[in-house]
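Visitor: Sequence and predicted model, in that order:
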Amino acid sequence: MTNPACIEAPLPKGVSDFLPETADKITFIADSIHRVFELWGFRRMITPLLEFEDVLALGMGDELRSKTFRFDDRQTGRLLAIPPDITPQVARIVATRMHSLPLPHRIYYSGRVLRQAQMQSGRSREIFQSGVELIGLNSPEADAEMVAMAVEVLKNLGFTGFKIDLGQVDFYRGIMDASGLSPAVQRQLQEAISKKEVTAVRSILEAAGAPDSVKEEIALLPRLYGGREVLKEAARIAGNERSRRALENITQVVEILDIYGVADHLTIDLGEIRGLDYHTGITFEGFVPGIGEAVCSGGRYDDLTAKYGYPAHATGFAFNILALLASMAKRPEVEASSSRDFLVFNRKDERREALEVAQKLRSLGFTCARDIIKRDFESSLEYAKKMDIRMLLVIGAEECAADQLYLVRVADRRAIAVGKQELFDKGLDLKFDLQGENHG
Amino acid sequence: MTDYVTIAIPKGRILQDSVALFKKIGIDCEELLSDTRKLVFENHEQKMRYMIVRATDVPTYVEYGCADLGIVGKDTLMEAEKDLYEPLDLKFGYCRLMVAEPVELSSKDDPAAWNNIRIATKYPNVTEKYFAAKGVQVELIKLYGSIELAPLVGLSERIVDLVSTGETLKQNGLVEVETIAEITCRLIVNRASLKTKHERISKIIEGLEQHI
């Protein structure tokens, strides 16, 4: 139905208005993630929505930079940017404002970033991110901590059968450094390997006239994914020192993850080189069944804070909350996050009792709204149903004694008369036995 | 549906070749060749699902994970630039992506001297990239079919299009001048699917690899 009185108020593509029902679910998911971050000792940081583009660009790879929203600053004439990612901001803040504090820093953030997307791709340009950065540690235990937290979050959110896919970009770098191939050939290979295009990799190597040993190593990269057996296979082919160190590193991380008991959720992919211009060691992405994109991603970035004048080892990752929402929106516990407890409906002329009961329920921790509009019972019940409120609490109903309240369960219209104290004691646990009335 | 493996396949010649290839690894989907308007087919025994979609839409369905696997020409992949895995070259559906022009123009034309040329094509992204790499400025006209017509009626001087036998070009007085890429069909895989359904999908990839 269209509303002719409505003014036309279009939105730019790729951003959305989230109405209360969806916003509640987003809050539920974000809170659940933040709880895990806090339990692991991380502290929140709030970053600004605007940065100078040249400053932010120091901490971004080319791809991210090309997706940044930029415009002129009327105050300074400089180019401003809306951050497409929060990590470079955290790196800047740690390097410039927190350099005198002891390490490591455990920082988490939750916010929205903007990225340009392909036209008509159906992709959101606004991304809800909740993530962590662990700065000042080079140890494999730090990388394992990131993965273990990601698993804990996904478990807490009720996912089963999800996978955390581990990579180590230095394994790839070692092989390329040792190959003696020209940068142009390496660029071609990088694209083919990231797509796992086995035949393209072979023909590029053939055309470049690479020696057999190099060919064998590189041609295997697109197939180096799967379970732990991948590490053995990789050890067999890796001749150079850098790749061997990378393998040793990822093996240590996997061993620590065994202690955390999350090994079932791991897959390994040594041909995974997304973020090569940014990451310096372990990388990982989380995938849940039924969702075509990663729900979280991250990894080690030891070179980032140095770009702001403060070299420090660092690792981190972030969840994409809207991707999680897409897969969780229909789950009962998530659905429940958008419902409210009580609607107080007053049949008396005097409002004192209604307001007092509502205040008491709120003080007990129940969500409670007042139906201030004067209307009949049916309309009030209908409103409660539309607004996803569980209970309609009627003050001064004919159906009960003067000192009682009349409580109607919105879902099935079953009702009971209840004393105030009993309501305050039991709240939503009150029993609606079969003797209760059914307004239906 | 998460325990099913879903494959997106385009109609036509690719469909026939695909069904034949899958049959070799014990995946029976001959139902897809029947004369029906159904778009989705399910094989409950093998836990497989098939979707019939337009070739240009295959990468989109797979990128979003609506299909775990897809079969599509490299030309479509080059044009779409989606973030996908392309682990197998299936070797069928061979053709070439070509620059072509009218015979008269070709007789006195020097491709090395091209500058600011006008090209009609179904593949604007690929064309733009190709000529940018050569340092040639191009003006693109996006068409959806019968590209060979464009030079005949003066819409553009040249075209970029797929050529398999070259018969259509010949009948319309056009000749091939440069090859942009050799095209075959590819098996594409959604990134999340390869990880979350790793065993089943790896088995399919390895199986198919033995038969191409």
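Guide: Structure's in. What do you need? Numbers count the residues shown, from 1 in each chain, chains lettered A, B, ... in the order given.
Visitor: separation between the spatially most central residue of chain B and B:Glu178?
Guide: Nearest residue to the geometric centre of chain B (Cα atoms, centre = their mean): B:Gly73, 2.3 Å. Per Cβ to Cβ, to the nearest Å, B:Gly73 is found 19 Å from B:Glu178. For the C-beta atoms, the positions are set from N, CA and C on the backbone; glycine is no exception.
Visitor: is the longest strand seen in chain B up against chain A anywhere?
Guide: Ranked by number of residues, the top strand in chain B under DSSP state E is strand B:174-183. No - residues of strand B:174-183 are not located near chain A by Cβ under 8 Å from any Cβ of the partner chain, the shortest gap being 10.0 Å.
Visitor: And that strand, what does it pack against?
Guide: helix B:74-80, strand B:95-102, helix B:103-108, helix B:124-134, strand B:158-163 (3 or more Cβ pairs under 8 Å, 6 or more residues apart in numbering or on different chains; DSSP states H and E).
Visitor: Relative to chain A, tell me which of the ones you listed wins on proximity.
Guide: Chain A sits nearest to helix B:74-80 of all the helices and strands packed on strand B:174-183, at 8.7 Å, using Cβ to the nearest Cβ.
Visitor: I'd like the mean pLDDT over that closest one, please.
Guide: Mean pLDDT, computed over helix B:74-80, is 95.
Visitor: Does B:Gly73 have any beta-bridge partners, and if so which?
Guide: B:Gly73 has these beta-bridge partners by DSSP bridges: B:Cys185.
Visitor: Tell me which residues are up against the longest strand of chain B.
Guide: Strand B:174-183 is contacted from outside by B:73-75, B:78, B:93-103, B:106, B:109, B:111, B:126-127, B:130, B:148, B:151, B:158-160, B:162-163, B:166, B:169, using Cβ atoms under 8 Å, 6 or more residues apart in numbering or on different chains.
Visitor: so who does the residue nearest the centre of chain A touch?
Guide: Nearest to the mean C-alpha position of chain A, by Cα atoms, centre = their mean, lies A:Phe319 at 2.5 Å. A:Phe319 sits next to A:Ile33, A:Gln129, A:Ser130, A:Gly131, A:Ala150, A:Val153, A:Gly286, A:Val295, A:Cys296 when contact means Cβ under 8 Å, 6+ apart.
Visitor: part of a helix, is it?
Guide: No - judged by DSSP: H, G, I helix; E, B strand; the rest coil, A:Phe319 forms no part of a helix; its state is strand.
Visitor: For the nearest residue to it once chain neighbours are set aside, grab the count of nearby residues.
Guide: Nearest residue to A:Phe319, sequence neighbours excluded (Cβ to Cβ, 6 or more residues apart in numbering or on different chains): A:Cys296, at 4.5 Å. A:Cys296 sits with 28 neighbouring residues when counted by other Cβ atoms under 10 Å in any protein chain shown.
Visitor: again, but for A:Gly180
Guide: A:Gly180: 11 neighbours (other Cβ under 10 Å).
Visitor: ok, it - contacts?
Guide: Counted by Cβ under 8 Å, 6+ apart, A:Gly180 has contacts A:Val214.
Visitor: now it: how far from A:Glu217?
Guide: From A:Gly180 over to A:Glu217 (counting by Cβ to Cβ), the distance is 12 Å.
Visitor: cool, and A:Pro20?
Guide: Taking Cβ to Cβ, one finds A:Pro20 at 55 Å from A:Glu217.
Visitor: Same drill for these two, tell me which one is more crowded.
Guide: Taking neighbours as other Cβ under 10 Å, A:Pro20 and A:Glu217 compare with A:Glu217 leading, 22 against 12.
Visitor: Can you read off the backbone torsions of that one?
Guide: phi -60, psi -50 (degrees, to the nearest 10).
Visitor: B:Leu140 in helix, strand or coil?
Guide: strand.
Visitor: Which residues of chain B lie near chain A?
Guide: B:1-2, B:62-66, B:84-89, B:186, B:189-198, B:202.
Visitor: Not counting sequence-adjacent ones, nearest residue to the residue of chain B found nearest chain A?
Guide: Here chain B gets closest to chain A at one residue, B:Gly65, 2.0 Å apart by Cβ to the nearest Cβ. Nearest non-adjacent residue to B:Gly65, counting by Cβ to Cβ, 6+ apart: A:Gly292, 2.0 Å away.
Visitor: thought the one you found was touching B:Tyr64?
Guide: Yes - using Cβ atoms under 8 Å, A:Gly292 is in contact with B:Tyr64, at 4.7 Å.
Visitor: where does the chain have low pLDDT?
Guide: Assuming you mean chain A. A:1-2, A:433-440 (pLDDT under 70).
Visitor: ah, I was thinking of chain B
Guide: In chain B, residues with pLDDT under 70: B:1.
Visitor: Take the residues of chain B next to chain A and keep only those in strands.
Guide: Using DSSP E, these in strands are B:Tyr85, B:Glu86, B:Pro87, B:Leu88, B:Asp89, B:Arg186, B:Val189.
Visitor: who touches the residue of chain B closest to chain A in this structure?
Guide: Taking Cβ under 8 Å, 6+ apart as the test, what B:Gly65 contacts is A:Gly290, A:Ile291, A:Gly292, A:Glu293, B:Asn190, B:Ala192, B:Ser193.
Visitor: Tabulate these (JSON lines), appending distance to A:Ala208 and neighbour count.
Guide: Below are the contacts of B:Gly65 laid out as JSON lines (distance: Cβ to Cβ, whole Å; neighbours: other Cβ atoms under 10 Å in any protein chain shown):
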{"residue": "A:Gly290", "distance to A:Ala208": "41", "neighbour count": "15"}
{"residue": "A:Ile291", "distance to A:Ala208": "38", "neighbour count": "24"}
{"residue": "A:Gly292", "distance to A:Ala208": "34", "neighbour count": "20"}
{"residue": "A:Glu293", "distance to A:Ala208": "33", "neighbour count": "20"}
{"residue": "B:Asn190", "distance to A:Ala208": "30", "neighbour count": "30"}
{"residue": "B:Ala192", "distance to A:Ala208": "32", "neighbour count": "26"}
{"residue": "B:Ser193", "distance to A:Ala208": "32", "neighbour count": "25"}
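Visitor: now these as JSON lines including distance to A:His279?
Guide: Listed next are the contacts of B:Gly65 as JSON lines, based on distance: Cβ to Cβ, whole Å:
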{"residue": "A:Gly290", "distance to A:His279": "27"}
{"residue": "A:Ile291", "distance to A:His279": "23"}
{"residue": "A:Gly292", "distance to A:His279": "22"}
{"residue": "A:Glu293", "distance to A:His279": "18"}
{"residue": "B:Asn190", "distance to A:His279": "22"}
{"residue": "B:Ala192", "distance to A:His279": "20"}
{"residue": "B:Ser193", "distance to A:His279": "23"}
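Visitor: Among the residues you listed, which one lies nearest to A:Leu257?
Guide: Using Cβ to Cβ, B:Ala192 is the member of these that lies nearest A:Leu257, at 20.4 Å.
Visitor: Tell me the buried residues in stretch A:316-335?
Guide: By neighbour count on 16 or more other Cβ atoms under 10 Å in any protein chain shown, the buried set for stretch A:316-335 is A:316-328, A:334-335.
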